[in-house]
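Q: Any chance you could fold what I've pasted below:
(2 chains)
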Amino acid sequence: MSLFTDPRWGEALAHLPDYLGNHVRVSLAALALGLAVSLPLAILTRNRPAPRGILLALASIVQTVPGLALLALFYPLLLLAASVTLAWFGVSFSAFGFLPAMLALALYSMLPVLRNGITGLNGIDPALIESAEGVGMTARQSLLIVELPLALPVMMAGIRTAAVWVIGTATLSTPIGQTSLGNYIFAGLQTQNWVFVLFGCVASALLALAVDQLLGLIESGLRRRSRARSGLGALGIAALVAATLVPTMGRSSSGYVVGAKTFAEQYVLSALMRDRLQAAGLAATARSGLGSSVVFGALKAGDIDLYVDYSGTLWANQLHRTDIKPRAELVAELKAALAKDDITLLGELGFENAYALVMPRRRADALGIRTVADLAAHSATLSIAGDYEFFSRPEWAALQKAYGLQFRAQRQMQPDFMYAAVASGEVDVIAGYTSDGLIAKYELTALDDPKRAIPPYDAILLLAPKRAGDARLQAALKPLLGKIDIATMREANLRASGNDANSSPDAVARWLWEKVGGR
Amino acid sequence: MSSKPAISYQHVTKRFGSLAAVDNVSLDIVEGEFVAVVGGSGSGKTTLLRLANRLIEADSGTITVEGEDVRNVDPVALRRRIGYVFQSGGLFPHLSVADNIGITPKLLGQPETAVAGRVDELLELVQLDRAKHRDRLPEALSGGERQRVGVARALAARPRLVLMDEPFGALDPLTRDALGDDYRALHRKLGLTTVMITHDMTEAILLADRIAVMRGGRLLAQGTAAELSNSSDDYVLELLRTPRRQVERLNALLPTGGAA
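A: Numbers count the residues shown, from 1 in each chain, chains lettered A, B, ... in the order given. Predicted coordinates:
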């Protein structure tokens, strides 16, 4: 099969109206908000050096915060704000998706607009401002008739920069629940679907380029005082916005939203659940690529309706427990604890996806390492890699404490690259996942944990508070409970990590249902 | 010519920090008069001009325009009824010639058609071709044309008073001469009162009815060219000597009765 006949292009294309429309929507809103705040600030501070300096310094600081971090920060911030407004005024709002993404992106857009706005206004020949005053303009008329029009080309250049930044950075809003062209990139990276990654990159680059060129046309039109030129640019922007927004307008967003974290297994399971709901006649969409800390909050707030989490993760991160219980006991206690928040723990899927220290089988045999305790004796000469959250998780602290692990070096990696890295000797040990199909593929071995420092990680299905009594939903999901054993999940994950047409989460989810549906 | 003052300065002082840009100046400009204020740079002549339409506020003393103390008049309304010609035109580069000329009537809320008609009148008045210049941007004009537009703009709202800040300073001698004469004719035809700033005594003598000489913020002398030549002030006499010397040298150099 050639690159161009790969059916994943078609799959990617099918998502385009949704992803592109949402991308444009959030970028446009962010830019509008950014302009609405920045332009008045630029006008107000143009002749006041002290506040102007402070403002520009603040905007510059915002700019140094990485886009992903800025977006991620807004989620807890808004969550807090929402709980405050709920307590004080009895109204709450969704801290998930559109709002945090728009606010963070708006903040991101401010620096170029402010800087160019102030530069443009201050760069006007003082003789012209005197002249405006001399012919009898008020300060306001001088601003509107003379200063703003003269500063406009420089301002437009700032707006253009801001637009390109916002469109680029909007791809990072996927983990906080805002659908964007970043969905292709996040999903593609996690499932090694390079067609998706490429599609997402090209689509966002083309969008940014088109907007840049059109705004550039407006800018040069303003510079050359050519109405035709700026009119053409404005028309182009309007057409682009209409073309991207209209296909998704009026489309109802009702129905169940299935959440998924940012790794392949989650993509597959969310696709599986979505398919089950649809098969039961329930409208459902998958919202994937959500940050691990975002997804639980989103469920609690009702922004998503259901997702799969892992018992040990919630045990440590939500209940803040450090003691370890046997599998069934831990799930039972977790269920009771979640019920206090009106979250339904519907049941276990049947497999565990635990963290485990993993190394090549041959290397382990050669060093005589079978358990983490054996590893501890060698750890000072070895290096370890984990995913982005592992080293800050309580499980890692517990492991280190229980076995006295002291590695020579530790690195963070994209989960899918870890296995290849350890197989090639790039690192010696990785903190992998027991359900990962790559363990078998690369001939790796998961070390035993005799002191039981790592809690059990049963995959559990959680329902949002508002779905607690939803019998149709529960009936549609029941056939999945207890049906997915570790071997099946590993195979599914291995398929999903492939780089062919059958490796898309949707295809793997269909395969998985064929396997477990009849059980 | 009536003797009612159109603009009157009484003991006016304006300081910028410790520097007295205008130092206790008293000067009356009579209705219909063309007064030139002559002085070097830093003499305070521009400040004096701008005090009249409150582009600059006086620290002390009284300024009246057409009998009213300017402190009692809204500065924006005051500026709209006084024409002002800027040094190098001061035209708004993003507005067409027509929009530049029509700006003050438009600010006064006159209807669009009236403004358009007035613009055409003014183009004719300052001898610019209507079809050729109306829709051009200032950058497409020559220096002389730009200054003609500047004059037209100052006259657009039919002011009785016109203030001119070195209006012809940046022009080549031929254009300058033509424009000066043309303006002088307009001044007479429209019954204007004009105060013009210049550093060029020759220009002042040729155009103005009366000349005020400033130096270091003080008004050294005022009067007709003939009156000034009787002044006891060395600086004033020195200023008057320059054009005279020029005339003498020109007379010596140019053959009389020739083509020139």
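
Q: mind checking pLDDT for the residue nearest to residue A:303 when sequence neighbours are not counted?
A: Closest residue to residue A:303 apart from its sequence neighbours, by C-beta to C-beta, 6 or more residues apart in numbering or on different chains: residue A:96 at 3.8 Å. In this view, the C-beta of every residue, glycine as well, is placed from N, C-alpha and C. The score at residue A:96 is 77. That number is its pLDDT.

Q: ok, residue A:96 - contacts?
A: Neighbouring residues of residue A:96 by C-beta atoms under 8 Å, 6 or more residues apart in numbering or on different chains: A:75, A:176-177, A:294, A:297-298, A:301, A:303-304.

Q: Same question for residue B:104.
A: Neighbouring residues of residue B:104 by C-beta under 8 Å, 6+ apart: A:135-136, B:80, B:153, B:156-157.

Q: If we ignore the residues flanking it in sequence, what's nearest it?
A: Spatial nearest neighbour of residue B:104, excluding adjacent residues (C-beta to C-beta, 6+ apart): residue B:157 at 4.2 Å.

Q: count of neighbours near the one you found?
A: Neighbourhood size, residue B:157 [other C-beta atoms under 10 Å in any protein chain shown]: 22.

Q: Helix, strand, or coil at it?
A: Look at residue B:157: counting by DSSP: H, G, I helix; E, B strand; the rest coil, its state is coil.

Q: contacting residues for it?
A: A:136, B:80-81, B:83, B:104-105, B:108.

Q: again, only this time at 10 Å
A: Counting by C-beta atoms under 10 Å, 6 or more residues apart in numbering or on different chains, residue B:157 makes contact with A:135-136, B:79-83, B:102-108, B:110, B:118.

Q: for residue A:133, same thing?
A: With C-beta under 10 Å, 6+ apart, residue A:133 has these contacts: A:139, A:141-142, A:146, B:50, B:53-55, B:75-76, B:79, B:84.

Q: Buried ones only from these, please, as a ChimeraX command.
A: This is how ChimeraX selects the buried members of the contacts of residue A:133, with burial counted by 16 or more other C-beta atoms under 10 Å in any protein chain shown:
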select /A:141,142,146 /B:50,53,54,55,75,76,79,84
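
Q: Reformat the contacts of residue A:133 as CSV; add distance to residue A:211, secondary structure and pLDDT.
A: Converted to CSV, those look like this (distance: C-beta to C-beta, whole Å; DSSP: H, G, I helix; E, B strand; the rest coil; pLDDT from 0 to 100):
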residue, distance to residue A:211, secondary structure, pLDDT
A:139, 34, helix, 91
A:141, 33, helix, 93
A:142, 32, helix, 93
A:146, 29, helix, 93
B:50, 46, helix, 94
B:53, 46, coil, 92
B:54, 47, coil, 94
B:55, 43, coil, 93
B:75, 44, helix, 93
B:76, 41, helix, 94
B:79, 43, helix, 94
B:84, 44, strand, 95
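
Q: Show me which of the contacts of residue A:133 is closest to residue B:125.
A: Checking those against residue B:125 by C-beta to C-beta gives residue B:84 as the nearest, at 17.0 Å.

Q: these two touch, right, the closest one and residue B:50?
A: Yes. In this structure, residue B:84 is within contact of residue B:50 by C-beta atoms under 10 Å, at 8.9 Å.

Q: what do the two both touch?
A: Residues touching both residue B:84 and residue B:50 (C-beta under 10 Å, 6+ apart): A:130, A:133-134, B:163, B:165.

Q: Most neighbours among these, which one is it?
A: residue B:163 (27 neighbours).

Q: can you tell me how far that residue sits from chain A?
A: Going from residue B:163 to chain A by C-beta to the nearest C-beta, to the nearest Å gives 9 Å.

Q: isn't residue B:192 right next to residue B:160, touching?
A: Yes. Residue B:192 is within contact range of residue B:160, at 6.5 Å (criterion: C-beta under 10 Å).

Q: Those two: who's more crowded?
A: Taking neighbours as other C-beta under 10 Å, residue B:192 and residue B:160 compare with residue B:192 leading, 22 against 16.

Q: secondary structure class for the residue nearest to the more buried one when sequence neighbours are not counted?
A: Nearest non-adjacent residue to residue B:192, counting by C-beta to C-beta, 6+ apart: residue B:162, 5.3 Å away. Three-state assignment for residue B:162 (three-state DSSP): strand.

Q: who touches residue B:162 in this structure?
A: Neighbours of residue B:162 in contact, by C-beta under 10 Å, 6+ apart: B:34, B:82-85, B:151, B:154-155, B:183, B:186-187, B:190, B:192-196.

Q: quick revisit: quick check: neighbours shared by residue B:192 and residue B:160?
A: Common neighbours of residue B:192 and residue B:160, using C-beta under 10 Å, 6+ apart, are B:6, B:31-32, B:83.

Q: quick one: which of the residues you listed sit in strands?
A: Of the shared contacts of residue B:192 and residue B:160, the ones assigned to strands by DSSP state E are B:6, B:83.

Q: By neighbours, which of the shared contacts of residue B:192 and residue B:160 wins?
A: In the shared contacts of residue B:192 and residue B:160, the most neighbours by other C-beta under 10 Å go to residue B:83, 27 neighbours.

Q: what about the residue of the stretch 151-260 of chain B found nearest chain A, helix or strand, and which?
A: Minimum separation of the stretch 151-260 of chain B from chain A (C-beta to the nearest C-beta) falls at residue B:153, amounting to 6.7 Å. If you go by DSSP states H and E, residue B:153 is part of helix B:143-155.

Q: One more: residue A:232?
A: Residue A:232 belongs to helix A:227-245, assigned by DSSP H and E.

Q: before we move on, the earlier item: and the helix holding residue B:153, C-alpha only, in CSV?
A: Only the C-alpha atoms of helix B:143-155 are listed here, as CSV (Å, rounded to 0.1, in the frame of the first residue of the first chain):
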residue,chain,number,x,y,z
GLY,B,143,5.8,71.1,-1.9
GLY,B,144,4.1,74.2,-3.2
GLU,B,145,0.9,72.3,-3.9
ARG,B,146,1.0,70.9,-0.5
GLN,B,147,1.2,74.3,1.1
ARG,B,148,-1.6,75.5,-1.1
VAL,B,149,-3.7,72.7,0.3
GLY,B,150,-2.6,73.7,3.8
VAL,B,151,-3.9,77.2,3.1
ALA,B,152,-7.1,75.9,1.7
ARG,B,153,-7.6,73.7,4.8
ALA,B,154,-7.0,76.7,7.1
LEU,B,155,-9.7,78.7,5.2
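
Q: chain center to it: distance?
A: Distance, stretch centre to chain centre, for helix B:143-155: 12 Å (C-alpha atoms, centre = their mean, to the nearest Å).

Q: I'd like to know the average pLDDT value across it.
A: On average, helix B:143-155 scores 92.

Q: hmm, back to that, can you get me a residue count around the residue of the stretch 151-260 of chain B closest to chain A?
A: The number of residues packed near residue B:153 is 31, by other C-beta under 10 Å.

Q: what residues are up against residue B:171?
A: Taking C-beta under 10 Å, 6+ apart, we find residue B:171 in contact with B:88, B:142-144, B:146-147, B:177-180.

Q: measure the closest residue to residue A:280 other than its chain neighbours to residue A:461 for me?
A: Ranked by C-beta to C-beta, 6+ apart and with sequence neighbours excluded, the top spatial neighbour of residue A:280 is residue A:476, at 3.6 Å. According to C-beta to C-beta, to the nearest Å, residue A:476 stands 11 Å off from residue A:461.

Q: Would you mind listing the residues touching both of these two?
A: With C-beta under 10 Å, 6+ apart, residue A:476 and residue A:461 have common neighbours residue A:273.

Q: which stretches of the stretch 1-150 of chain B have low pLDDT?
A: Across the stretch 1-150 of chain B, residues meeting the criterion (pLDDT under 70) sit at B:1-3.
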